[in-house]
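# All I have is the shape, not the residue letters:
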């Protein structure tokens, strides 16, 4: 708690961004984008983003909104452009976003490798773009598909057992003093954004064209490949986690289900095992 209080004077703008995310996902579009605009103006005033970065962000959001009115080849090209924009934002390739370093070579426990974390400004904008392009991603199903949901939930602890068996993680029960800022960032800036893009948007779009099984598999593979910087093992584990979350989304049609599955997995990893890996 003391660490969280100590960083409040510099992290407070992100609370506005998170409030905008919550409003947008819950269907309160007007309030969500008013808050997003306020956050953007504050970020510009504080020098957290440059005018160039703000222009690129605005162009992506405007283009995502325009996708609803496109058909045929124009729609296909537009969605490809949106995906490239999202990948650039998620990989921090657009200059001018000054993401805030909040953890620098921190350790969750004595047996864990060091860990660096930023509060991102660019990556969370992906959520708003895909919601504009694919607004019904959180409508929900009329009934829950219980079997796929059960398989997805059971897969989460199985992944930990697999990680233990190959030495990717080791048991280490800790609660680092920075857990609150980690939880805030991981839940909203990471899990919510990634699940909206990979499950709510990509899986939905691919499933519509290729069928549910192919859509889940393709989105999960792409989710794994997005973690290529961590090495081949992380790609495999991320793809399997993506498949579990994909089943959760397929079973319910509710975005919060894979978001909470993803976050619960990451939180358990932090608290029960070496994070992100053994030293």
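Perfect, thanks for sending it. Small disclaimer: the values here were computed from a predicted structure and weren't measured.
# and residue 32, what is it in contact with?
Residue 32 makes contact with 20-25, 128, according to CB atoms under 8 Å, 6 or more residues apart in numbering. In this view, the C-beta of every residue, glycine as well, is placed from N, C-alpha and C.
# Repeat the analysis, applying 7 Å as the threshold.
20, 23-24 (CB atoms under 7 Å, 6 or more residues apart in numbering).
# Residue 101 too?
residue 118.
# What of residue 233?
Contacts for residue 233 (CB under 7 Å, 6+ apart) come out as residue 168.
# Apply 10 Å and report the result again.
Contacts for residue 233 (CB atoms under 10 Å, 6 or more residues apart in numbering) come out as 163, 166-168, 227, 277.
# Residue 223 is in what secondary structure piece?
Per DSSP states H and E, residue 223 falls inside helix 212-225.
# from the middle of its chain, how far away would that helix be?
In terms of CA atoms, centre = their mean, to the nearest Å, the centre of helix 212-225 is found 15 Å from the chain centre.
# Can you name the element that comes right after that helix?
Next helix or strand after helix 212-225 toward the C-terminus (DSSP H and E): helix 232-252.
# And the next helix or strand past that following helix?
Using DSSP H and E, the helix or strand that directly follows helix 232-252 along the chain is helix 256-272.
# what comes into contact with the strand or helix carrying residue 156?
Per DSSP H and E, residue 156 falls inside helix 146-165. Outside helix 146-165, the residues that touch it by CB under 10 Å, 6+ apart are 145, 168-171, 212, 216, 233, 236-237, 240-241, 243-252, 257-258, 261-262, 264-265, 268-269, 272-274, 277.
# Of the residues you listed, just the buried ones, PyMOL syntax please.
The following PyMOL line selects those of the contacts of helix 146-165 that are buried, judged by 16 or more other CB atoms under 10 Å:
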select buried, resi 168+169+212+216+237+240+241+243+244+245+246+247+248+249+250+251+252+257+258+261+262+265+269+273+274+277
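# what kind of secondary structure is the residue most central in space within the chain in?
The residue lying closest to the centre of the chain (CA atoms, centre = their mean) is residue 194, at 2.5 Å. Put simply, residue 194 is helix when judged by DSSP: H, G, I helix; E, B strand; the rest coil.
# is it true that it touches residue 123?
Yes. With contacts counted by CB atoms under 10 Å, residue 194 reaches residue 123, the gap being 8.5 Å.
# shouldn't residue 210 be in contact with residue 217?
Yes. Counting by CB under 10 Å, residue 210 does reach residue 217; the two are 9.0 Å apart.
# More neighbours: which of those two?
residue 217 (18 against 13; other CB atoms under 10 Å).
# gap between that one and residue 156?
Using CB to CB, to the nearest Å, we find residue 217 at a distance of 18 Å from residue 156.
# Same check on residue 126?
Using CB to CB, residue 126 is found at 24 Å from residue 156.
# Neighbour count for those two, which is higher?
Using other CB under 10 Å, the more surrounded residue of residue 126 and residue 156 is residue 126, with 25 against 18.
# show me what contacts that one?
By CB under 10 Å, 6+ apart, the contact set of residue 126 is 60, 64, 82, 85-90, 120, 192-194, 196-197, 201.
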